[in-house]
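Chemist: what follows is a predicted protein model with its sequence.
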Amino acid sequence: MRVNNQDKIALFEEFPIPKALMTMAFPAIISQLINLVYNMVDAYFIGRTGNSYMVAATSLTLTLVMMNTALSNLFGVGGGSLVARLMGVGQQDECRRVSAFSIYGVAVTALIYALLIGSFLRPVLFFLGASNETITYASQYTMLVVVFGCVFSMLSLTAAYLLRNAGYSSQASMGLSLGGLLNIGLDPLFMFVLLPKGQEVVGAALATLLSNAIACVYLLVSLKKSSATAPLSLSISEARHVKSSSIRQIVSVGVPSAILTGLFDLANVCVNMLASAHSDMVLAGMGIVMKVERIPSAVNLGICQGAMPIIAYNYASGNHERMKQTISAARLWGVTVSGFAIILFQFFAEPVTKLFLNTGGGEAEKALLTVGYAAVFLRIRCIASPLQFINYHSSYCMQAMGNGKATMLHAFVRELIFYIPFQFIMNRIWGEIGLACALPLGELCGALFALWLMHGFLKQIKSRV
């Protein structure tokens, strides 16, 4: 059955808040979880080798993979939130031009990023904390997933944002989930069947590259088909005729969003550098935890992504009461999910972390030490989960309302004033345990600052009514 644009407008304007939020958020949560699983599958199967150096190497590459997300947010979040706001004021033609501009903009950005990383691959990896034991594995994974694959992954993320913000959350989630499911199936095939022993990292990278490419094609085709009923487009001609004011709005929201993710990535770079200075086992343990703690984050990001189009649409249309109700409902859902995650990880830290590294292989002593570090780090860092959600939620809300300046200020203060300095200070005083403790403390300070910004901005909106 074809869904017309009026049905999507009713979703934004008339559905009860819990129903509208669930309709938009549930597919986003599912796709986030599936994509989390496929990102974790690489770590899981590489961990089956019992080789801590392979685990450490792929942990290092997470920083460069996350930059794909940061750069895609420039056009995905910037363009997607603008599409929702333009729909709220009935500017359908400009919606199409914005969506086309976002697609071609992210494609050019991805090509430039791939060229830069490919040209300076080994120096970058050594800077991120690679050692002589991990550099070969890290280079193999980065070359395939980042250099050759970033165009596919960045186009996929941007297309998904555009579809979701136009009300087509299910199509966006289906495309991202397709890539995840393919990777789950292809990883063991490439790692343990098609390629010889010792090439497991190459196999995991090839599986990820192929999965991202297929998902990219699916999402672009979906966007093309949806353009028959939604204000979306892949036309180069429409991309060229986008208004300069729209480009400024894309940049004003997209750049802060990209910086937010980039600074988060920078914080992870600092974690990896400080952890690797202790040992490769500490680095591998921290890398495992960074993957595990993304489980509640994936759910919470899905909630934020689902709420964002509803908030943006109602902000632009002037229905501020419905906008505030959506903000409150999403906040309650996210904090509840985070509370359950803390309980889960406190009780099951050891069995969860053991899933990512085989402790019965030839390097059992190193593997057991790595898992021991990971369990301790997880119990400490999981406390930050509800605080992280408040930071995510506040940023997505401000982006939805077009407040790029507040989003950028929050990103800089959260990471550069609080979290990153806390890493160096606490690592210096308490070692690797202090490094783990820096996350809850940094997120607490960032969350308090985010709530203060949100409160001030909502007061401004109220005073303008």
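Modeler: Right, received. Where do you want to start? The structure presented is a predicted model; accordingly, all values stated were derived computationally and were not measured.

Chemist: tell me the contacts of residue 106?
Modeler: 71, 72, 74, 75, 76, 154, 155, 158 (C-beta atoms under 8 Å, 6 or more residues apart in numbering). Yep, even glycine has a C-beta here, placed from its N, CA and C like the rest.

Chemist: ok, how many other residues are close to the third one?
Modeler: It stands for residue 74. 26 (other C-beta atoms under 10 Å).

Chemist: contacts only, for it.
Modeler: Contacts of residue 74 (C-beta under 8 Å, 6+ apart): 105, 106, 109, 250, 251, 254, 255, 257, 258.

Chemist: in which helix or strand would I find it?
Modeler: Taking DSSP states H and E as the criterion, residue 74 maps to helix 52-88.

Chemist: and the helix or strand just after that helix, how far from the chain's centre?
Modeler: Sequence order places helix 92-119 as the next helix or strand after helix 52-88, per DSSP H and E. Chain-centre distance of helix 92-119: 18 Å, with C-alpha atoms, centre = their mean, to the nearest Å.

Chemist: about what we covered before: so which bits of the helix holding residue 74 are buried?
Modeler: By 16 or more other C-beta atoms under 10 Å, the buried positions in helix 52-88 come out as 52-88.

Chemist: measure the closest residue to residue 247 other than its chain neighbours to residue 82 for me?
Modeler: Ranked by C-beta to C-beta, 6 or more residues apart in numbering and with sequence neighbours excluded, the top spatial neighbour of residue 247 is residue 101, at 7.1 Å. With distances taken as C-beta to C-beta, to the nearest Å, residue 101 is found 10 Å from residue 82.

Chemist: likewise residue 201?
Modeler: 39 Å.

Chemist: what segments of the stretch 251-400 of the chain are strands?
Modeler: Using DSSP state E, counting those that start in this stretch, no strands are assigned anywhere in the stretch 251-400 of the chain.

Chemist: tell me how many other residues crowd residue 119.
Modeler: So residue 119, with other C-beta under 10 Å, has 10 neighbours.

Chemist: repeat that for residue 172.
Modeler: 29.

Chemist: that one contacts residue 28, correct?
Modeler: Yes - counting by C-beta atoms under 8 Å, residue 28 is a contact partner of residue 172 at 7.4 Å.

Chemist: joint contacts of these two?
Modeler: Common neighbours of residue 172 and residue 28 (criterion: C-beta under 8 Å, 6+ apart): residue 164.

Chemist: which ones are touching residue 15?
Modeler: Per C-beta under 8 Å, 6+ apart, neighbours of residue 15: residue 23.

Chemist: low-confidence stretches in this structure?
Modeler: Applying pLDDT under 70 to the chain flags the ranges 1-8, 35, 38-44, 48-52, 358-364, 464-465.

Chemist: just checking, what packs against the longest helix anywhere in it?
Modeler: Once the chain is assigned using DSSP state H, the helix that runs over the most residues is helix 420-464. Counting contacts by 3 or more C-beta pairs under 8 Å, 6 or more residues apart in numbering; DSSP states H and E, helix 420-464 packs against helix 244-278, helix 280-292, helix 320-354, helix 364-381, helix 385-400, helix 404-412.

Chemist: need these in CSV with mean neighbour count and distance to residue 166, can you?
Modeler: Putting the helices and strands packed on helix 420-464 into CSV (neighbours: other C-beta atoms under 10 Å; distance: least, C-beta to C-beta, whole Å) gives the following:
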stretch, mean neighbour count, distance to residue 166
helix 244-278, 20, 15
helix 280-292, 27, 31
helix 320-354, 18, 17
helix 364-381, 21, 36
helix 385-400, 26, 14
helix 404-412, 20, 21
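
Chemist: could you dump those helices to CSV with distance to residue 232?
Modeler: Putting these into CSV (distance: least, C-beta to C-beta, whole Å) gives the following:
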stretch, distance to residue 232
helix 244-278, 14
helix 280-292, 33
helix 320-354, 23
helix 364-381, 39
helix 385-400, 18
helix 404-412, 23
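
Chemist: so what's the most centrally placed residue in the chain up against?
Modeler: In the chain, the residue lying closest to the centroid (C-alpha atoms, centre = their mean) is residue 69, at 5.8 Å. Under the criterion of C-beta under 8 Å, 6+ apart, the contact list for residue 69 reads 157, 261.

Chemist: go again using 10 Å as the cut-off
Modeler: By C-beta atoms under 10 Å, 6 or more residues apart in numbering, the contact list for residue 69 reads 76, 153, 154, 157, 257, 258, 261, 262, 264, 265.

Chemist: ok, residue 201 next?
Modeler: Per C-beta under 10 Å, 6+ apart, neighbours of residue 201: 42, 46, 49, 51, 53-55, 57-58, 61, 136-141, 144, 191, 195.

Chemist: swap in 6 Å and give it another go.
Modeler: 54, 137, 140, 141 (C-beta atoms under 6 Å, 6 or more residues apart in numbering).

Chemist: what count of nearby residues applies to the closest residue to it other than its chain neighbours?
Modeler: Excluding the flanking residues, the one nearest residue 201 by C-beta to C-beta, 6+ apart is residue 137, at 4.6 Å. For residue 137, the number of neighbouring residues by other C-beta under 10 Å comes to 25.

Chemist: mind checking how far residue 137 is from residue 202?
Modeler: In this view, residue 137 and residue 202 are 9 Å apart by C-beta to C-beta.

Chemist: what's the answer for residue 150, then?
Modeler: 18 Å.

Chemist: if we can go back for a sec, out of the contacts of residue 106, which is nearest to residue 458?
Modeler: residue 76 (25.0 Å; C-beta to C-beta).

Chemist: residue 160 versus that closest one, what's the distance?
Modeler: Distance from residue 76 to residue 160, by C-beta to C-beta: 7 Å.

Chemist: ok, now residue 282?
Modeler: For residue 282 relative to residue 160 (C-beta to C-beta), the value is 35 Å.

Chemist: can you check residue 191 too?
Modeler: 27 Å.
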